[in-house]
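Whatever this is, show me its structure:
(one chain, ligands or ions: 2)
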Amino acid sequence: MSETLIVQEVATRDGFQIEPVFVETAEKIRLIDALAAAGFSRIEVSSFVSPKAVPALSDAAEVFAGLTRRPGTVYVALVPNPRGAERALQAKVDEINLVASVSETHNRANMGMTPAASLEGFARIVETVRGSGVGVNATVATAFGCPFEGDQPVDKVLAQVERYRALGVDGVTLADTTGMANPRQVAHLVERVLPSVGAAGLTLHFHNTRGLGLANVLAAYQAGARRFDAALGGLGGCPFAPGATGNICTEDLVSMAHEMGLATGLDLAALIDLARDLPRLVGHDVPGQVAKAGRPCDLHPAPPLKAA
Ligand code: COA
Ligand code: ZN
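Ligands and ions are numbered 1, 2, ... in the order given. From the prediction side, this is the model:
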């Protein structure tokens, strides 16, 4: 059996949340259905957050209602608080992704509360969700550094992971919210977290803010991680973190994986077609590189021979 790398697509959540234009609900639904058809086992569809905080995702319920659910795809929603969990359950999400930052300053900016208050809310959410069949993932945001506070102590990150595990979550994500991670740091943290969380329950969420996104993926993979968030076109960014830019780019990640012989189950040509349509949706060029360059196997005609 070949080695595998699992990609969770987050473009319609992390990607669209920071776009100044509102992508029409019907366009969001069409894109998510097309992404599911390209083979994703997991798609983070939207967020059930305050529409005042993130107006771009105020249509989360309508988007979930309009999706054609593909068997084999888990449809996930980001949830910040018990009100968001209530709305997510009503929308029949498959999984909720709870998010709190390890950095108090970023959590206050992003969620309007302390990390401890976020976690109190999560405990109530887990009680409500238990037994409903809906999965729960929990994210440690700013796990590799905070744009306000800088480095975050590893012990603080590990303590938050343990708090999540004590709540009984199904999976944990370590998020590099503003692309501050480096490959050695990533390998170190993955090695510390894997023994308790396990590769099947650990997701890495990288932003390419400083150009280290795929290097960090490789470091995490070599340390034993197998699941990665990525956004089509390299869209993405936290609206409440200064200088935030795009996630690692899905089609660039998938191209790298396939070139290295790692199976993703994804149709790269279909992803490139979808990525090439993104500028029409968001009104600007997007950072992804493989959609511009083509796959390594997309060769060019040789130039005509010059007469001697
Ligand atoms: N969904 C919809 N509305 C919500 C909500 C939710 N999950 N949680 C709160 N609200 C509404 C409240 O009903 C209230 O509405 P009103 O002003 O009409 O009365 C308003 O939002 C403020 O609620 P409050 O509880 O005082 O929260 P807040 O203003 O401190 O905001 C959050 C807290 C968590 C809701 C907000 O900071 C948020 O949505 N953050 C998400 C940020 C994000 O998505 N970042 C990027 C991803 S990491
Ligand atoms: Zn992100």
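
can you list the residues of this protein near ligand 1?
Counting by Cβ under 6 Å from any ligand atom, the residues of the chain lying close to ligand 1 are 17, 47-50, 52-54, 78, 80-81, 83-84, 87, 99, 110-112, 141, 238, 240. All C-beta spots, glycine's among them, are computed from the backbone N, C-alpha and C.

residue contacts, the residue minimising distance to the centre of the chain?
In the chain, the C-alpha nearest the mean C-alpha coordinate belongs to D229, at 3.6 Å (Cα atoms, centre = their mean). Neighbouring residues of D229 by Cβ atoms under 8 Å, 6 or more residues apart in numbering: 7-8, 10, 14, 44, 173, 175, 203-206, 247-248.

Please apply the same query to L174.
Neighbours of L174 in contact, by Cβ under 8 Å, 6+ apart: 139-140, 143-144, 157, 161, 189-190, 193, 202-205.

measure A38 to I272 for me?
10 Å (Cβ to Cβ, to the nearest Å).

which stretches of the stretch 51-200 of the chain form helices?
Secondary structure of the stretch 51-200 of the chain by DSSP state H, counting those that start in this stretch: the helices cover 60-66, 82-90, 104-111, 115-129, 154-167, 183-197.

Kindly reformat the ones you listed as TSV containing distance to H284 and mean neighbour count.
Shown next, in TSV, are the helices of the stretch 51-200 of the chain (distance: least, Cβ to Cβ, whole Å; neighbours: other Cβ atoms under 10 Å):
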stretch	distance to H284	mean neighbour count
helix 60-66	22	19
helix 82-90	29	19
helix 104-111	24	20
helix 115-129	32	18
helix 154-167	34	17
helix 183-197	29	18
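
D267: which of those is closest?
helix 60-66 (22.4 Å; Cβ to Cβ).

what's the closest non-adjacent residue to whichever residue of the stretch 201-308 of the chain sits closest to ligand 1?
Going by Cβ to the nearest ligand atom, ligand 1 is nearest to C238 of the stretch 201-308 of the chain, at 5.0 Å. Spatial nearest neighbour of C238, excluding adjacent residues (Cβ to Cβ, 6 or more residues apart in numbering): A244 at 4.6 Å.

Looking at the contacts of D229, which two lie furthest apart in space?
V7 and A175 (15.3 Å).

just to revisit the earlier point, the residue of the stretch 201-308 of the chain closest to ligand 1 and M111, how far apart?
In terms of Cβ to Cβ, C238 sits 11 Å off from M111.

How about L202?
23 Å.

wait, isn't F64 in contact with S46?
Yes. Using Cβ atoms under 8 Å, F64 is in contact with S46, at 7.2 Å.

For these two, list the residues in contact with both.
Common neighbours of F64 and S46 (Cβ under 8 Å, 6+ apart) are A77.

tally of neighbours for the residue of the stretch 101-250 of the chain found nearest ligand 1?
Using Cβ to the nearest ligand atom, G112 is the residue of the stretch 101-250 of the chain that sits closest to ligand 1, at 2.9 Å. Neighbourhood size, G112 [other Cβ atoms under 10 Å]: 14.

Helices along the stretch 201-308 of the chain, start to end?
In the stretch 201-308 of the chain, helices defined by DSSP H, counting those that start in this stretch lie at 213-222, 250-259, 268-276, 278-282, 290-293, listed in chain order.
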